[in-house]
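**Q** 3D, please:
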Amino acid sequence: VQLVESGGGSVQAGESLRLSCAADGYTFSSHCVGWFRQAETKEREGVAAIDADGRANYADSVRGRLTISKDSTRTTLILQMNNLRPDDTAMYYCAAKRQCSDAEWTYWGQGTQVTVS
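**A** Numbers count the residues shown, from 1 in each chain. Take a look at the predicted model:
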């Protein structure tokens, strides 16, 4: 299983980005998938997750600005990022596991950099 993120870049505060996570050999339809981020000198933190039924959860810092979704093929995870702020600057990773109640995330992508100035 391979997860590949794309869509990162450098933007100005208030602008938008759309991150994608493509799954090779994996479908998200019956699994829990999510986005994490790690800024320099900070711990990795969860941003958003969505379960097999489409229920989403968000970190307080991004709720209302970021939206997680799966595309119709259930092989691509999307993170729509609006009204970006400088403190959103980080490497963003997608991850997947069987159920959201599982303790550990099983699969990880390599990350895509988001820089907001």
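
**Q** tell me the centre residue of this structure?
**A** For the chain, Trp35 is the residue whose C-alpha lies nearest the centre (CA atoms, centre = their mean; 2.5 Å).

**Q** mind listing what Tyr58 touches?
**A** Going by CB atoms under 8 Å, 6 or more residues apart in numbering, Tyr58 touches 47-48, 66, 68. The way it works is simple: take the backbone N, C-alpha and C, and place the C-beta from them, glycine included.

**Q** partners of the helix or strand containing the residue nearest to the centre of the chain, with directions?
**A** Assigned by DSSP states H and E, Trp35 belongs to strand 32-38. Paired neighbours of strand 32-38 in the sheet (DSSP bridges): strand 45-50 (antiparallel), strand 90-97 (antiparallel).

**Q** Ala59 is nearest to which of those?
**A** strand 45-50 (5.5 Å; CB to CB).

**Q** Show which residues not belonging to that closest one make contact with it.
**A** Here strand 45-50 has contacts from 32-38, 56-59, 62, 66-70, 77, 79, 92, 100, using CB under 8 Å, 6+ apart.
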